[in-house]
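In: give me the fold of what follows.
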Amino acid sequence: MKHTRIIDLLQMQPGAQVCAKGWVRTKRGSKSVNFIALNDGSTIKTIQIVADVEKIADETLRQITTGACISVEGELVASLGSGQAVEIQATRIEVLGTCAADYPMQKKGQTFETMRQHAHMRLRSNTFGAVMRIRHNMAIAIHDYFHRHGFLYFHTPIITASDCEGAGQMFQVTTKNLYNLKKDEDGRIDYSDDFFGKPTSLTVSGQLEGELGATALGAIYTFGPTFRAENSNTPRHLAEFWMIEPEVAFCDLTALMDLEEDFIKHCVRWALDHCADDLEFLNKMIDQTLLERLRSVVEGSFERLTYTEGIAILEKAVADGRKFEFPVSWGMDLASEHERYLVEEYFRKPVIMTDYPKAIKAFYMKINDDGKTVQGTDVLFPQIGEIIGGSVREENYDKLVGEIKERQIPMKDMWWYLDTRRFGTCPHAGFGLGFERLILFITGMQNIRDVIPFPRTPKNAEF
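Out: Numbering: from 1, shown residues only. Purely as a prediction, here's the structure:
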């Protein structure tokens, strides 16, 4: 008999002969009957299996422990207990896989740190099942939004010879024998015998290539893995993560902020509409303000202000007695505590901050007439801080070359990027959204390592 997903079984009317397959959450019972809670990952909910000892062999029942995989055939009947409308009166149970006694996801309180050590098994827990279903839905929401708005899904390279941000924190890709490196007469590594014939790395961003797409196709978005060799052991950083990066031709600062706000609201609205059961579970077990916070994002508007206005607010807070770990002054890069103060305490809503000092932003951002600030945009969210970073891109060839030279970025690596400014340059803008930071906000989880199946962090590349 073909099995039916539990999410569908729970919506069916009693009376049908059904088959369910999944993993045992719990088993309890008496001498005459056993009650098994079965989950198959399709929903946070379990379906109750009623196993009468007169119908199911004792040898089979003994093998059914937490974590075991079973196939159940029987009649879908109205449930007499609370919590579910239907249950399965089992006529046949087959144990597809027994579960050893040292199964790490036994039903007991475990810290997330402990569960990270068993990332290959933690997906079977209620919390991580909910997070992964929400992660899937957010990916669908992203593609849905951009498709509906006329963006093309554009695939940018994962292996690259350019450093988008100019930070140099990249993972090198090579086929060279690291125990016998060929070097030139100056003692530098000679890459002529390497696979690509030059130094290459894993990408930190698809933005620069995305701009090539936007200046030919109008509006594109990337959605793929990116890599940062940054030695940051924090709850907000990963070495491997996913980025969404739209780029839009003929887009100014106001239109960019409108896009950022509308896009985020679409994603949050999608979660509320399509992930209700999982969000209710996380609201109960992880963060009891989660649903309220998500609804407030959808229902309200984002505050928009300049970096200079934000600094003035923070300086006044300090003058009034507010203590921050890091000092506040114009020209500094805002710390997470500053961003969260503006969002959570001062405005009590998401904030889009613009017009940052040129010195603390990337070379490609459009310079304002004052010569000191650029048309960058950061979207700041409660509990997260920065969730989106974007900007209007500098379309003027001479200004862009000036920034590249001033920041000492090797010109030989940028010729192809500069060609977009030589051949039919146009105003354009875009942003980058860290997918995992979006999932952090929507799930209420506190550590970014708990919203990706297998986190990659310093000294950790397990599974």
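
In: CA only for contacts and neighbour counts going forward, please
Out: Fine.

In: now for the protein, the helix or strand with the poorest mean pLDDT.
Out: Ranked by mean pLDDT, DSSP states H and E, the weakest helix or strand in the chain is helix 112-116, scoring a mean of 90.

In: how deep is residue 332 tucked in, by neighbour count?
Out: Residue 332 has 13 neighbouring residues, counting by other Cα atoms under 10 Å.

In: ok, it - contacts?
Out: Under the criterion of Cα atoms under 8 Å, 6 or more residues apart in numbering, the contact partners of residue 332 comprise residue 360.

In: helix, strand or coil for it?
Out: Here residue 332 is recorded as coil under DSSP: H, G, I helix; E, B strand; the rest coil.

In: per-residue pLDDT, it?
Out: Looking at residue 332, its pLDDT is 95.

In: where in this structure is pLDDT low?
Out: By pLDDT under 70, the weakly predicted segments of the chain are 107, 163-168.

In: and the closest residue to residue 331 other than its chain neighbours, what are its bridge partners?
Out: If you skip the residues right next to it in sequence, residue 331 has residue 357 as its closest partner in space, 5.8 Å away by Cα to Cα, 6 or more residues apart in numbering. Beta-bridge partners for residue 357, by DSSP bridges, are residue 373.

In: can you get me a residue count around residue 357?
Out: Burial of residue 357 is recorded as 21 neighbouring residues (other Cα under 10 Å).

In: got the contact list for it?
Out: Residue 357 sits in contact with 307, 331, 372-374, where contact means Cα under 8 Å, 6+ apart.

In: so where do the strands sit in the stretch 151-300 of the chain?
Out: Taking DSSP state E, counting those that start in this stretch to define them, one finds strands in the stretch 151-300 of the chain at 152-153, 159-160, 172-173, 200-202, 219-227, 240-249.

In: how about the strands in the stretch 351-463 of the chain?
Out: Taking DSSP E, counting those that start in this stretch as the criterion, the stretch 351-463 of the chain contains strands spanning 351-357, 373-381, 385-392, 428-434.

In: tell me which of the ones you listed sits nearest to residue 102.
Out: The closest approach between residue 102 and any of the strands of the stretch 351-463 of the chain, judged by Cα to Cα, belongs to strand 428-434 at 36.2 Å.

In: from the rest of the structure, what touches that closest one?
Out: 207, 214-215, 241-253, 256, 260, 387-393, 395.

In: pull the CA atoms of it into PDB?
Out: Taking only C-alpha atoms (Å, rounded to 0.1, in the frame of the first residue of the first chain), the coordinates of strand 428-434 have been written out as PDB:
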ATOM      1  CA  HIS A 428      21.600  50.700 -11.000                       C
ATOM      2  CA  ALA A 429      21.200  49.500  -7.500                       C
ATOM      3  CA  GLY A 430      21.000  46.300  -5.500                       C
ATOM      4  CA  PHE A 431      21.300  44.700  -2.100                       C
ATOM      5  CA  GLY A 432      22.500  41.600  -0.300                       C
ATOM      6  CA  LEU A 433      20.400  39.600   2.200                       C
ATOM      7  CA  GLY A 434      22.000  36.900   4.300                       C
END
